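Novice: just a sequence and a predicted model for now, questions to come.
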Amino acid sequence: MLRIGIGGPVGSGKTKLIEQLLPALAEEGVAVAVITNDLVTREDAERVRQSGLIEPDRVVGVETGACPHTAIREDPSANLEAIENLERSCGPLDLVLIESGGDNLSATFTSDLVDYWIFVIDTAAGDDIPRKRGMGIVQCDLLLVNKTDLAPHVGASLTRMKEDLAVVRPNRPTLFTDLRSDGAAQVLDQLRRDVLFVGRPV
């Protein structure tokens, strides 16, 4: 079973990415479940459950009770237990998507929890975000720069962001997208190249 983490600041598009990936994964015949992490609520889990994109019992909300990155890095036990419970009740599963609650640019996933992780930022936060070199941006397996449609409205330069990210992440993939309009096709393509279906006939 493959475990993919999805992290990034509040409002960057993490839950939207999950909502876009679910139909595409279903078409590929991937048995998927979702775990969301929030501080003291299960708001994101409820949103995914009510989306109609996945069976509700395949979505689990974890209340971290502390900084969200604690449960994905320092002590992932709550998430590991949620994975075990999902595998027991809904398995066998091919893939679990684990969303971290909105956090700062330093949030990272431990390899004890995920096999691969995506970090999502958005252009509305400013084109200087890549130059801040947060660990999430630098270390993630795949960086997603979302809401490219907003760049002209906030004075953000996509060209500048691409140039800076080529320096910050010279050997790691970065994708620019607007998840509201063009979906997650290019994200799925990247996952297919990197980890999805590896060793499995398609």
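Specialist: Done, it's in.
Novice: distance of the residue of the chain most remote from its centre relative to Thr123?
Specialist: Residue farthest from the centre of the chain, counting by Cα atoms, centre = their mean, is Gly155 at 25.8 Å. The spacing between Gly155 and Thr123, counted by Cβ to Cβ, to the nearest Å, is 10 Å. To be clear about C-beta, it is placed using only N, CA and C from the backbone, and glycine gets the same treatment.
Novice: could you dump the helix or strand hosting Ile83 to PDB, C-alpha only?
Specialist: Element membership for Ile83, per DSSP states H and E: helix 77-90. The C-alpha coordinates for helix 77-90 follow below in PDB (Å, rounded to 0.1, in the frame of the first residue of the first chain):
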ATOM      1  CA  SER A  77       1.200   7.300  15.800                       C
ATOM      2  CA  ALA A  78      -2.300   8.700  15.400                       C
ATOM      3  CA  ASN A  79      -2.000   8.600  11.600                       C
ATOM      4  CA  LEU A  80      -0.500   5.200  11.600                       C
ATOM      5  CA  GLU A  81      -3.300   3.900  13.700                       C
ATOM      6  CA  ALA A  82      -5.800   5.400  11.400                       C
ATOM      7  CA  ILE A  83      -4.200   3.700   8.400                       C
ATOM      8  CA  GLU A  84      -4.300   0.300  10.200                       C
ATOM      9  CA  ASN A  85      -8.000   0.800  11.000                       C
ATOM     10  CA  LEU A  86      -8.800   1.800   7.400                       C
ATOM     11  CA  GLU A  87      -6.900  -1.200   6.000                       C
ATOM     12  CA  ARG A  88      -8.800  -3.400   8.500                       C
ATOM     13  CA  SER A  89     -12.300  -2.000   7.700                       C
ATOM     14  CA  CYS A  90     -12.000  -1.100   4.000                       C
END
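Novice: parallel or antiparallel, which strands does the helix or strand following it pair with?
Specialist: For helix 77-90, the succeeding helix or strand toward the C-terminus, using DSSP H and E, is strand 95-99. Applying DSSP bridges to the sheet, strand 95-99 is found paired with strand 2-7 (parallel), strand 32-38 (parallel).
Novice: doesn't Thr108 make contact with Pro76?
Specialist: No: using Cβ atoms under 8 Å, Pro76 is not in contact with Thr108, being 11.6 Å away.
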